[in-house]
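Participant: with the input below, show me the fold.
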Amino acid sequence: MADAPTDSGVSLSTFFDRYKLPSGVKGECDEFVKSRFPEESRPCPFQGYCSYTVCVGTGTVVQFRPFAHKLDLGVITTAREVFGTLAPETDYLGDLGQTGLHIYSMRRLPGVSLIDLRADNDRSALRAKLENVVRDFAQLQAIGWRHAKLNKDVTEKRTVGSSLKWRLELMVARLPRRFHNIVVSVLADLPDIERLPWAFSHGDLIPANIMVCPESGKILGLLDWAEAEYLPFGVGMYGLQELLGEDKDGRFVFYPEAKYFRELFWGELIAAIPELSRDTRRVATIKQAQILGILLWHGIAFDNGKLDRVVEEGKDDAEIERLDAFLLSPLGSSSRILGKSRMLLGSPFALVRKICVGNP
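Facilitator: Predicted coordinates for the structure are as follows:
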């Protein structure tokens, strides 16, 4: 889905204005925190689109969310069962009177965001740390694989998983024409994609939600599991693209090392899931699932959580630009390149070499 914008701590009123909350509600939120927690508290430096978050001391955050974006604690429990301490412990504290806001306390994850890591390091120092981010991202996918379920065993599919075909059909009809062949190719492969194991997938893999060690770049945790759900393995790899570059002057720009980082990811993934090295067809389908993930996260507008509209040029240009970068640029992913992966032959070592060259 198209990423909702994030607000900096300088503009905290945006959340309250967006949800048409009375002017005194921020004060009520702050007073609630002070009444429940003796430690010093302050608004967190980065605020999400759908919540107001307060940092308490050094180990806790308190989050206020409107009913439309209330957390499903069952989802958080599953995240912790699958990913352990990479997902924060979360408790429900009740609601804030007549405001309609629901309140949660969470363990504050260690480290700094990937955004901060990029800002605080020059290019030479950053490369080695980004290598570790990419390696750990591959390991996250492998954890998801080991805890995956068969399609038939996912008894309660959520917003995205329950509507994959419908969303692709919307995009076939309404995305700009240059993406048409890619979407049609993924739609044709959807039955094979849905036969993959279904892995528990984070729903908002953006740099602000990836917490890393400032010294090494190793991933220490992931924030904001609100939109997580079981999806075909590979769909959650949409987030890899965000690790291969960053926004410069309003446009996404791949790092010079993007090809190397992509090769590193696929090599680490195959090493962590050895059975994939013997199943070239399944690898090809996983790569199509990754393309599906890119389409779902950048081809469908967020629209305050409605997730029912295809992005449009002139209205959602930031997301269109990401689709161009991720699917059509030489350093991005495309189903035309992926089509070649169906022809992979030879030993497991040949497979690793093949999937690491120019593929998603």
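Participant: in which helix or strand would I find Met65?
Facilitator: Residue 65: Arg, not Met. strand 60-66 (DSSP states H and E).
Participant: pLDDT of the helix or strand following that strand, averaged?
Facilitator: Along the chain past strand 60-66, the next helix or strand (assigned with DSSP H and E) turns out to be helix 73-83. Per-residue pLDDT values across helix 73-83 average out to 97.
Participant: which SS class is Phe200?
Facilitator: Recorded secondary structure, Phe200: strand (DSSP: H, G, I helix; E, B strand; the rest coil).
Participant: any idea how far it is from Ser113?
Facilitator: 22 Å (Cβ to Cβ, to the nearest Å). C-beta here means a position set from N, CA and C on the backbone, and glycine is covered the same way.
Participant: who has more neighbours, those two?
Facilitator: Neighbours per residue (other Cβ atoms under 10 Å) separate Phe200 from Ser113, with Phe200 holding more: 23 against 19.
Participant: hang on, the more buried one packs against Ala79?
Facilitator: Yes. Phe200 is within contact range of Ala79, at 6.8 Å (criterion: Cβ atoms under 8 Å).
Participant: any shared contact partners between those two?
Facilitator: When contacts are counted by Cβ atoms under 8 Å, 6 or more residues apart in numbering, Phe200 and Ala79 have Ala228 as shared neighbours.
Participant: any idea where the strands of the stretch 151-300 of the chain begin and end?
Facilitator: In chain order, the stretch 151-300 of the chain shows strands spanning 198-201, 210-212, 219-222, 229-232, 245-248, 251-254, 300-301, with DSSP state E, counting those that start in this stretch as the criterion.
Participant: want to throw the ones you listed into TSV with distance to Leu126 and mean pLDDT?
Facilitator: Shown next, in TSV, are these (distance: least, Cβ to Cβ, whole Å; pLDDT from 0 to 100):
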stretch	distance to Leu126	mean pLDDT
strand 198-201	27	98
strand 210-212	11	97
strand 219-222	15	98
strand 229-232	30	98
strand 245-248	10	94
strand 251-254	14	95
strand 300-301	31	96
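Participant: name the nearest residue to Gly203, ignoring sequence neighbours.
Facilitator: Across the structure, with Cβ to Cβ, 6 or more residues apart in numbering as the measure, the residue nearest Gly203 apart from its sequence neighbours is Glu227 (2.6 Å).
Participant: pull the contacting residues for that neighbour.
Facilitator: Here Glu227 is in contact with 1, 159-160, 202-204 (criterion: Cβ under 8 Å, 6+ apart).
Participant: taking the residues you listed together, which two end up most distant?
Facilitator: The widest separation within the contacts of Glu227, taken as Cβ to Cβ, falls between Thr159 and His202 and amounts to 14.0 Å.
Participant: neighbour count: the two, which is higher?
Facilitator: Between Thr159 and His202, counted using other Cβ under 10 Å, the more crowded position is His202 (25 against 15).
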